[in-house]
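*Asks:* take a look and give me a structure for this.
(one chain, ligands or ions: 1)
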Amino acid sequence: MADYDYDLFVIGGGSGGVRAARVAAGDAGARVALAEEDRYGGTCVIRGCVPKKLMVFASEFAETASVANAYGWNMSSGSFDWSSFRGHLEKELDRLEGVYRTLLKNSGVDTFDARARLKDAHTVEMSNGETRTAKTILVATGGRPVRPDMPNADLGIVSDDIFHLETLPKSILIIGGGYIACEFACILHGLGVEVTQYYRGAQILRGFDDEARGLIAESMRERGIELHTGTNIVEMAPASADHSMTAVPTASDAAMGASAQQGSVMAGEGDTGANRGGPVWIKATNGHERVFDSVLFATGRDPNTRDMGLEEVGVEIGRRGEIVVDEFSKTASDSIYAIGDVTNRVNLTPVAIREGMAFVETVFKNNPTAVDHDLIPSAVFTQPEMGTVGLSEEDAREREEVEVYCTSFRPMRTAFAGKPDRVLMKLVVSKANRTVLGCHIVAPDAGEMIQLAGIAIKMGATKEDFDRTVAVHPTMSEEIVTMKTPMRTA
Ligand code: NDP
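*Replies:* The predicted structure is shown next:
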């Protein structure tokens, strides 16, 4: 039998790779090494979910004073200081990265701060010149944001860059209509940036329930985000003096009065903050020519498979650059497995972690475990949030006859303060067997709610199970158990 340096070599120190490495070493007693070329924690911890959620929290304070005043407080809005927030954020990310390193060390995993690529099906070569062999290699290299293929696209920033901005721009154009585009539109608007968003399709958040995404789009516009659907960028260039003369003023200039002023305060006394060489002139498919301090491309993410020597060792790569794996995360090469975003299955942190755990069960615990990708609850951290699990009404109707239970109302907390905010609670129910096929919530803290609704739905709850659960009163979520009559049957 060949003698390898390790039982397992993991490439990539993000959520999935770190979990697999430390469980294989800690629980299964395997000899494990891990290589990471950048910071430990990966996209989620360093440039994704964690810093994004902290920015969501920061942005939500923008409304605090106006709501508090309606409740009898005498509070003024104050101003937002990006550099103070960013300093605090960086310290927190350093702390979390330290936690990840310690977890690996305490589990007995050898770590290499280097880029790794495959030399053969059992050998990894690293950018520091070292080579290691392993019986099994796990690729968990994640993905990266992509810009559209157009001239001057590098004038735009991507989501990774946001956390490093020296100053916030006064105005930004966001391209895209997915999770990242919509979340950053809301965050940056809350922090006082004038936000314009172009989405090429008819409605943002493609793939989610139509009613839910309709309400999110409406709420974003109501808050002052200038959202254009059916619109895309066709040209971009560094803005010149001529361009600023031709810039079309944003429709939100007037509507946003207060927050736009706030934006200029935190943007550092008129500093443009574009960080990629200043303002950008753009031309759109609707004929508009505009100048923005910054352009953010939130146009999707590609798997990190480039220049890794994968195909040379027999790993199959799919059309989008993803590693093709079977239900046990095994690639076309028997000794190489892959988990997380690099496989482009369901690109969410908790899914990568589960794939990592299932891999360890399969390979190191003699317990072949396929990953269950069905009924995964998820949240979009827009304002208001969306929480969703199961089928959209549109997808469910394709499959079978359904009853739709739905209610939309103004929640007590903000209605009292005279705010127009609305929430949506929706259940899509199988007419044949009464199973709840989908649950869609648009509301503050919908992410927290859907986690719990997700348990019931994963257990196969019927509409009648929801009905016989007593409401928690007075809450927004009680509506999910009090909807008696279907809104429609389809
Ligand atoms: P998405 O794939 O969700 O969205 C990409 C968007 O960009 C789509 O609206 C797409 O349009 C548009 N687009 C793609 N190419 C172009 C182009 N050439 N010109 C104009 N528009 C374009 O990717 P994201 O980057 O938003 O997110 C990546 C993944 O990260 C998500 O799928 C999700 O799994 C994960 N994520 C999860 C979060 C959460 O759980 N809260 C938060 C952030 C990310 P079209 O719809 O027409 O294809």
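*Asks:* neighbours around the residue of the chain found nearest the ligand, how many?
*Replies:* Nearest residue of the chain to the ligand, counting by C-beta to the nearest ligand atom: residue 178, 2.1 Å away. Just so you know, the C-beta spots here come from the backbone N, C-alpha and C atoms, and that holds for glycine as well. Counted with other C-beta atoms under 10 Å, residues neighbouring residue 178 total 18.
*Asks:* now do it against residue 382, distance only.
*Replies:* According to C-beta to C-beta, to the nearest Å, residue 178 and residue 382 sit 11 Å apart.
*Asks:* repeat that for residue 339.
*Replies:* Residue 339 is 28 Å from residue 382, by C-beta to C-beta.
*Asks:* check residue 154 too.
*Replies:* Computed as C-beta to C-beta, the residue 154 to residue 382 distance reads 28 Å.
*Asks:* what about the two, which has more around it?
*Replies:* More neighbours surround residue 382 than the other of residue 154 and residue 382, with 27 against 12 (other C-beta under 10 Å).
*Asks:* A strand includes the more buried one, no?
*Replies:* No - looking at residue 382 with DSSP: H, G, I helix; E, B strand; the rest coil, it is coil, so not inside a strand.
*Asks:* mind checking the backbone torsions on it?
*Replies:* Dihedral pair for residue 382: phi -80, psi -180, per degrees, to the nearest 10.
*Asks:* wait, what's in contact with it?
*Replies:* Counting by C-beta atoms under 8 Å, 6 or more residues apart in numbering, residue 382 touches 182-183, 185-186, 216, 219-220.
*Asks:* residue 446: what's its closest spatial neighbour, skipping adjacent residues?
*Replies:* Distances taken as C-beta to C-beta, 6 or more residues apart in numbering put residue 387 closest to residue 446, at 3.5 Å, once the chain neighbours are dropped.
*Asks:* isn't that neighbour right next to residue 450, touching?
*Replies:* Yes - if you go by C-beta atoms under 8 Å, residue 387 and residue 450 touch, sitting 2.8 Å apart.
*Asks:* what do the two both touch?
*Replies:* Contacts common to residue 387 and residue 450, judged by C-beta under 8 Å, 6+ apart, are 377-379, 439, 441.
*Asks:* and of the residues you listed, the nearest to residue 86?
*Replies:* residue 379 (24.4 Å; C-beta to C-beta).
*Asks:* specify the local secondary structure of that closest one.
*Replies:* strand.
*Asks:* residue 372: neighbour count?
*Replies:* 12.
*Asks:* how long is stretch 73-86 end to end?
*Replies:* Start and end residues of stretch 73-86 are separated by 29 Å (C-alpha to C-alpha, to the nearest Å).
*Asks:* one more: stretch 21-41?
*Replies:* Using C-alpha to C-alpha, the end-to-end distance of stretch 21-41 comes to 13 Å.
*Asks:* what are the contacting residues of the longest helix seen in the chain?
*Replies:* Identified as the longest helix of the chain according to DSSP state H is helix 82-106. Applying C-beta under 8 Å, 6+ apart, the external contacts of helix 82-106 come out as 13, 18, 21-22, 26, 34, 39-41, 45-46, 50-51, 54-55, 58, 111, 163, 165-168, 191, 266-268.
*Asks:* again, only using 7 Å
*Replies:* Around helix 82-106, the neighbours that count as contacts under C-beta atoms under 7 Å, 6 or more residues apart in numbering are 13, 18, 21-22, 34, 39-41, 45-46, 50-51, 54, 58, 111, 163, 167-168, 266.
*Asks:* surely residue 116 is in contact with residue 11?
*Replies:* Yes - shown here, residue 116 and residue 11 form a contact pair, counting by C-beta atoms under 7 Å, at 4.7 Å.
*Asks:* around the ligand, pick out the residues from this structure.
*Replies:* Contacts of the chain with the ligand, taken as C-beta under 6 Å from any ligand atom, map to 148, 175-181, 183, 199-201, 206, 232, 298-301, 347-348, 378-381.
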